[in-house]
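# Sequence and predicted structure, then a few things I'm wondering about:
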Amino acid sequence: MELLGRLSPLVEPLSLDEAFVDLEAGGVAEDSVSARAVGEQLRAVIRAVTGLSGSVGLAGSKMLAKIASEEAKPDGLMLIEPGTERELLAPMSVRILPGVGPATGDHLRRAGMTVVSHLADAGEAELVRLLGRAHGVALHRMALGHDDRPVVAERDAKSVSVEDTFDVDLHDRVRVRTEVERLASRCVQRLRGAGRSGRTVVLKVRRYDFSTLTRSETLRGPTDDPTVVREAAARLLEAVDTTGGVRLLGVGVTGLADFNRRTSSHRPPTRSTPPGKPRRPTSPGRPGRRRGRGDGGGRPGGRGTAGRQALAGRTRRTARRPRARLGAGQWRRPRHRALRGAVVAARPGTHVPGRRPRTAARRPAAPGA
């Protein structure tokens, strides 16, 4: 990444060993010839400094540069000349386009579209009908070789992860589990170092035949607790077949949040009273809790803590008996079994079980009556 930063101020990392570089912003490439020279020089410098081979893709857009670098692997350089994009993409599989995964690729295959030229010939309206407006429009533009996404030098991290490739494939299941727990602890260290927490734990396993399996588990809330992350990664490992050997393991955390949570509840911390603000006075005998309206206090059958404790041997449902609304708008606990949980509307003067009837003495007499 440091070598790439010397070429241009606009470097957009994609992973640990992959990035987009805007050569035009760095002023180091004006045409195809100079761009190719920069790419060859970059490959030579990477090998000299790190001892590693590098693949370089040169094109007029991020999508085409990514495709060119994939085609140039494991150790090469590919340049896509402007104006040749559609001809180059036409025979390639639809899976080479960004955003086309196994599910979308299978959906397009059932519609008779297996190569990029089929997408370009189908038209935008047909792809919108199959995939929806946003995905259909974007996919049709990419099939024509159009991609106007800029190179963004700074962006928010979406995940934190660590992975290791082993010189010798791991065959011992206990050793594999130990390595997963170690990687989970390293991942949490990076997470805490960035002052973040995450909601989803991801496990990556590359087997002896280079097939890569990815499993994930979403927690109840963001956390940076190493025990929680280790246990989640271990559960994910139980669903992965490691027969034959493992050559790469990785543990990551996604769904990042901007706070730390080191408890196993996975819930964001809450504060009932702002700092510096005194708490409101509480009722006598009820430390730490205000007596609210209808709380019941310590009366047996009430909704308060003391009231529930007084109902020894009774169920919670019995402790919270419903109330019935009577015609005068008064709320009282129903004494009649037929009124339990019912709403009763009665005209003045009508007798309602469990309610004392009104008397004429309660109403003032009208003048002149």
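Perfect, thanks for sending it.

# The protein: helices as residue ranges?
2-7, 23-26, 32-50, 62-72, 85-89, 102-110, 116-122, 124-131, 133-143, 173-193, 226-238, 305-310, 316-319 (DSSP state H).

# contacting residues for the closest residue to Ile80 other than its chain neighbours?
Once flanking residues are discounted, Ile80 sits nearest to Ala59: 4.1 Å by Cβ to Cβ, 6 or more residues apart in numbering. Bear in mind the C-beta positions are built from the backbone N, C-alpha and C, glycine included. Counting by Cβ atoms under 8 Å, 6 or more residues apart in numbering, Ala59 makes contact with 65, 67-68, 79-80, 85.

# what do you get for Gly123?
His140.

# Just the pLDDT at it, thanks.
The model reports Gly123 with a pLDDT of 92.

# What distance do you get for it to Arg129?
Per Cβ to Cβ, to the nearest Å, Gly123 is found 10 Å from Arg129.

# that older thread, just the buried residues from the contacts of Ala59, in PyMOL please.
Entered in PyMOL, the line below selects the buried ones among the contacts of Ala59, by 16 or more other Cβ atoms under 10 Å:
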select buried, resi 65+67+68+79+80+85
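
# Closest to Glu2 out of the contacts of Ala59?
Nearest to Glu2 among the contacts of Ala59: Ala65, at 20.1 Å, using Cβ to Cβ.

# related to what we said a few turns ago, what's the closest of the helices of the chain to Asp17?
Minimum separation from Asp17 across these (Cβ to Cβ) falls at helix 32-50, 9.7 Å.

# who's in contact with the closest one?
By Cβ under 8 Å, 6+ apart, helix 32-50 touches 3-4, 7, 23, 28-29, 52-56, 58, 75, 77, 79, 81.

# pLDDT-wise, what's the bottom of these?
Among the contacts of helix 32-50, pLDDT bottoms out at Ala29, giving 85.

# my read: that residue touches Ser8, true?
No. Between Ala29 and Ser8 there is no contact under Cβ atoms under 8 Å: 9.2 Å.

# Mutual contacts of these two, please.
Taking Cβ under 8 Å, 6+ apart as the contact rule, Ala29 and Ser8 both touch Leu23.

# circling back: how about a markdown table for the helices of the chain, with distance to Asp167 added?
Formatted as a markdown table, these follow (distance: least, Cβ to Cβ, whole Å):
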| stretch | distance to Asp167 |
| --- | --- |
| helix 2-7 | 26 |
| helix 23-26 | 36 |
| helix 32-50 | 17 |
| helix 62-72 | 26 |
| helix 85-89 | 38 |
| helix 102-110 | 31 |
| helix 116-122 | 39 |
| helix 124-131 | 43 |
| helix 133-143 | 39 |
| helix 173-193 | 13 |
| helix 226-238 | 21 |
| helix 305-310 | 62 |
| helix 316-319 | 61 |
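
# quick one, which of the ones you listed is nearest to Val246?
So among the helices of the chain, helix 173-193 is nearest, using Cβ to Cβ, at 5.6 Å.

# Tell me the buried residues in that closest one?
Across helix 173-193, burial judged by 16+ other Cβ under 10 Å covers 176-177, 179-181, 183-188, 191-192.

# same thing with stretch 19-38?
20-23, 26, 28-29, 35-36, 38.

# related to what we said a few turns ago, need the pLDDT of the residue nearest to Ile80.
Looking at Ala59, its pLDDT stands at 94.

# and it, how far is that from Phe20?
From Ala59 to Phe20 the distance is 11 Å (Cβ to Cβ).

# Now do the contacts for the nearest residue to Gly112 once chain neighbours are set aside.
Excluding its sequence neighbours, the residue lying closest to Gly112 (Cβ to Cβ, 6+ apart) is His118, at 7.0 Å. For His118, the contact set (Cβ under 8 Å, 6+ apart) comprises 94, 108, 112.

# 10 Å instead?
Counting by Cβ atoms under 10 Å, 6 or more residues apart in numbering, His118 touches 90, 94, 108-109, 111-112, 143.

# Buried subset of those, written for PyMOL?
In PyMOL syntax, the buried subset of the contacts of His118 is picked out as below (16+ other Cβ under 10 Å):
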select buried, resi 90+94+108+143
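
# Low-confidence stretches in the stretch 251-369 of the chain?
The stretch 251-369 of the chain contains residues with pLDDT under 70 at 259-369.

# still on that earlier bit, intersection of neighbour lists for Ala59 and Phe20?
65-66, 69.

# Which of these sits closest to Leu236?
Here the nearest of these to Leu236, counting by Cβ to Cβ, is Lys66; it sits at 28.5 Å.

# who's in contact with the closest residue to Val100 other than its chain neighbours?
Counting by Cβ to Cβ, 6+ apart, Val100 lies nearest to Val94, which is 5.2 Å off, once chain neighbours are set aside. Contact analysis of Val94 by Cβ under 10 Å, 6+ apart lists 100, 104-105, 108-109, 113-119, 139, 142-143.

# List buried residues within those residues.
The neighbour count (16+ other Cβ under 10 Å) marks 100, 104-105, 108, 113, 115-119, 139, 142-143 as buried among those.

# Most widely separated two among these?
Counting by Cβ to Cβ, the most remote pair of the buried ones among the contacts of Val94 is Thr104 and Ser117, 17.1 Å apart.

# Name whatever forms a beta bridge with Val202.
Beta bridges link Val202 to Ser216, Gly252, judged by DSSP bridges.

# close enough to count as contact, it and Leu237?
No. Assessed by Cβ atoms under 10 Å, Val202 is found out of contact with Leu237, at 12.0 Å.

# Return every residue with contacts to both of these two.
215, 251.

# how long is stretch 194-210 end to end?
Using Cα to Cα, to the nearest Å, the span of stretch 194-210 from its first residue to its last is 32 Å.

# buried ones in that stretch?
So, applying 16+ other Cβ under 10 Å, buried residues of stretch 194-210: 196-207.
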